[in-house]
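>>> okay, predicted coordinates and the sequence, questions at the end:
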Amino acid sequence: MKALRPLFVLPLVASGTALAQDPVQEQVERLKASDVEVVGHVLQPGEASQTVSQLRMPAGFTITRFAEDLVNPRMIAVSDDGTVYVTRQEMGDVLMLRDTDGDGEADEQRVVANRPNMHGIAIDGNTVYLVTIKNLYRTSIQEDGSFAPLERLLDDLPDAGQHPNRTLVVGPDKALYLSVGSTCNSCSEDNPENATMLQVKSDGSARKVFASGLRNTIGFGFEPETGRLYGFDHGTDWLGDNVQHEELNLIREGQRYGWPYIYDDGKPNPADEPPGGITHDQWARRSVNPVALYVPHAAPMQMAFYSGEQFPEEYRGDAFVAMRGSWNRKPPSGYEIVRVRFESGRPVAFQPFVTGFLNQDGDQWKQSARLAGLAQAGDGSLLVSDDKGGIIYRISYSPEAAQSAEPVELTPTNAEGAWVGMLDDQQLNREQRPPASNKLATELLQHDGPDLQLSSSDFGQDASIPQEHVAEGDDISPELSWNAGPEGTRSYVVIMEDPDAPTASPFVHWLLYDLPEDTTELSSGVPGMPRLPHLDGALQGQNDRGTLGYYGPRPPKGDNPHRYHFHVFALNSKLNLPFGVGRTRLLESMRDKVLASGTLIGTYQR
């Protein structure tokens with residue numbers, strides 16, 4: 001069998017232009033000072049009936065219909081015994097499918113759960129997790145394949161908007177990774193959980209923003225060799241037919257991925273200004289580039305890493321992605337299944353795997369499927385759902401068919417004029433910074449200088465923190481005041497943390513630094529902006545919820561009262577750090593700069 005050739009596997013420098021190589025802020029100013037023509041189209045291909053004979057795939061592979069007349073099949077999950085479960089968003093249910101006679105077609109089906117807007121599904125052993133717009137549920141698989149009654153774990157996921165389709169996977173750590181799309185095409189979100197990847201405990205007892213700046217990452221999964229999380233993010237619309245590319249990201253904890261201000265390999269979106277006077281260049285430096293770019297507007301959906309025995313050995317460890325297809329590009333893109341080749345646990349190339357769902361007839365384009373879900377079946381075949389045609393396809397492999405078949409040359413759907421390829425290894429080589437030691441924090445508090453008298457009009461020393469300042473209340477920061485630092489004070493740092501949290505280091509609730517030297521109080525309700533213009537450009541860091549600014553107390557239910565330590569430090573200089581740094585980097589930069597400090601302790605119990 002002839003191997004498919006890699007497509008456009010290029011280093012980062014090969015994809016750059018003069019504009020892309022200039023500093024980001026220079027690009028922004030140049031774009032704002034000139035007339036920029038954006039060429040885009042609304043082009044929704046017409047519908048055509050599907051016959052599998054029109055589809056093209058590598059030699060030895062066959063595609064058949066596993067199930068049909070399903071109305072609206074979306075995300076797919078497969079249990080350990082090979083039972084297939086598919087969500088149907090329009091129907092608001094989960095459908096169980098079984099092939100009891102092994103002929104490659106489902107001959108048993110039944111509805112096993114009902115909830116409006118049911119979409120994401122993940123299975124871990126006998127446990128099933130389901131997600132709608134606002135709710136996360138857990139249930140178990142019974143002996144007959146049906147589900148036990150659903151248990152609601154969360155009911156307060158962010159409101160929907162343009163991207164209401166929540167998806168989730170179970171990580172190697174048994175935590176849930178839940179994608180929450182943006183409410184808009186391109187905007188500053190009011191809710192910090194929008195346009196993020198959340199990490200949720202398997203019992204729903206706690207969650208945090210694992211990564212942000214992800215416009216709509218529906219398809220994602222953990223690469224089996226390294227355990228790294230990769231996800232395909234949908235690019236912004238209306239930047240042009242060939243802009244913005246779909247982004248394959250290596251998603252790491254605490255990282256930002258640019259949206260809506262930065263896209264592709266560090267390009268600015270001048271239509272959206274970062275908040276608080278942060279420049280595009282500053283935002284770009286705090287953002288992580290994707291590891292690969294794919295054809296714009298192809299609309300990547302569910303993604304799965306292949307671990308089966310049926311496909312040839314070279315396919316194992318690769319990822320497969322269902323590309324739903326564009327509605328705003330000429331010529332259209334997507335309408336295909338794409339293979340992401342991995343070597344030694346890292347992505348190296350894209351290759352088309354199944355094409356032919358989109359065809360051109362003269363000046364007219366017609367599509368025969370809008371792909372959505374993709375999962376590996378129990379026998380090692382792949383299952384792919386078409387939620388418009390109501391079909392689930394099955395893709396299988398036969399060595400005998402491969403030996404007798406003619407070689408097949410495939411190309412991605414309408415990739416001409418759009419860059420497709422892999423970027424450099426800056427993400428893959430990035431090291432995770434370890435948490436700051438408690439010893440360093442203690443050293444900074446036990447300096448030789450005087451104490452600052454830190455107090456709050458909202459609560460006293462060792463008193464309970466009022467409800468308006470906790471996460472489940474109004475979640476606004478309390479008023480704080482302190483006496484001026486000693487001579488030589490040039491800035492202040494405020495840190496709030498919970499040393500009683502069940503974590504190796506105190507749970508960080510607030511990091512605020514480069515407060516001007518004449519500041520001795522903070523009003524309640526400091527906004528969660530990266531930069532605070534009303535405080536002479538003071539900056540806020542990233543709390544352990546994964547967001548910027550203040551995050552109020554939220555100890556586990558049933559715990560004894562937790563103590564929340566508010567620290568203020570007088571420093572002999574400004575730190576000149578970027579916005580969004582974490583506790584480790586902040587404490588390390590404070591070494592040998594602390595002139596005085598003070599601590600106020602409040603308590604809270606849920």
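Cool, got the structure.
>>> my read is I121 is in a strand, agree?
Yes. Assessed by DSSP: H, G, I helix; E, B strand; the rest coil, I121 belongs to a strand.
>>> which residues does it contact?
Counting by Cβ atoms under 8 Å, 6 or more residues apart in numbering, I121 touches M75, I76, A77, Y85, V86, T87, V94, V128, Y129, L130, V131, L168. Where C-beta positions appear, they are placed from N, C-alpha and C, glycine not excepted.
>>> tell me, how many residues neighbour K366?
16 (other Cβ atoms under 10 Å).
>>> what sits closest to it if chain neighbours are left out?
The shortest distance from K366 to any non-neighbouring residue, by Cβ to Cβ, 6 or more residues apart in numbering, is to A48 (4.0 Å).
>>> picking up where we left off before, quick one: the contacts of I121 as JSON lines, columns for distance to I465 and neighbour count too.
Below are the contacts of I121 laid out as JSON lines (distance: Cβ to Cβ, whole Å; neighbours: other Cβ atoms under 10 Å):
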{"residue": "M75", "distance to I465": "41", "neighbour count": "31"}
{"residue": "I76", "distance to I465": "45", "neighbour count": "25"}
{"residue": "A77", "distance to I465": "42", "neighbour count": "24"}
{"residue": "Y85", "distance to I465": "44", "neighbour count": "23"}
{"residue": "V86", "distance to I465": "46", "neighbour count": "28"}
{"residue": "T87", "distance to I465": "41", "neighbour count": "31"}
{"residue": "V94", "distance to I465": "42", "neighbour count": "25"}
{"residue": "V128", "distance to I465": "38", "neighbour count": "23"}
{"residue": "Y129", "distance to I465": "33", "neighbour count": "23"}
{"residue": "L130", "distance to I465": "35", "neighbour count": "28"}
{"residue": "V131", "distance to I465": "32", "neighbour count": "29"}
{"residue": "L168", "distance to I465": "32", "neighbour count": "23"}
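>>> wait, L293 touches D264, no?
Yes. L293 lies in contact with D264 (Cβ atoms under 8 Å); the separation is 6.2 Å.
>>> which of the two has more residues huddled nearby?
Taking neighbours as other Cβ under 10 Å, L293 and D264 compare with L293 leading, 26 against 22.
>>> how about the more buried one, phi and psi?
Torsion angles at L293 (phi, psi; degrees, to the nearest 10) stand at phi -120, psi 140.
>>> what sits closest to it if chain neighbours are left out?
L293 sits nearest to H245 (Cβ to Cβ, 6+ apart), 3.9 Å away.
>>> list the residues that contact that neighbour.
Under the criterion of Cβ under 8 Å, 6+ apart, the neighbours of H245 are G235, Y263, D264, L293, Y294, V295, P296, A418, W419.
>>> give me the pLDDT value at the residue nearest to the third one when sequence neighbours are not counted.
The one in question is D264. Once flanking residues are discounted, D264 sits nearest to H245: 5.6 Å by Cβ to Cβ, 6+ apart. We have a pLDDT of 96 for H245.
>>> those strands in the stretch 201-350 of the chain, which residues are they?
For the stretch 201-350 of the chain, strands defined by DSSP state E, counting those that start in this stretch occupy the ranges 207-212, 217-222, 229-233, 246-251, 255-256, 262-263, 267-268, 292-294, 300-305, 319-323, 336-343, 346-354.
>>> D592: which of these is closest?
Closest approach to D592 among the strands of the stretch 201-350 of the chain is made by strand 255-256 (29.1 Å; Cβ to Cβ).
>>> picking that back up, quickly list what's touching both of L293 and D264.
Joint contacts of L293 and D264 (Cβ under 8 Å, 6+ apart) are H245, E247.
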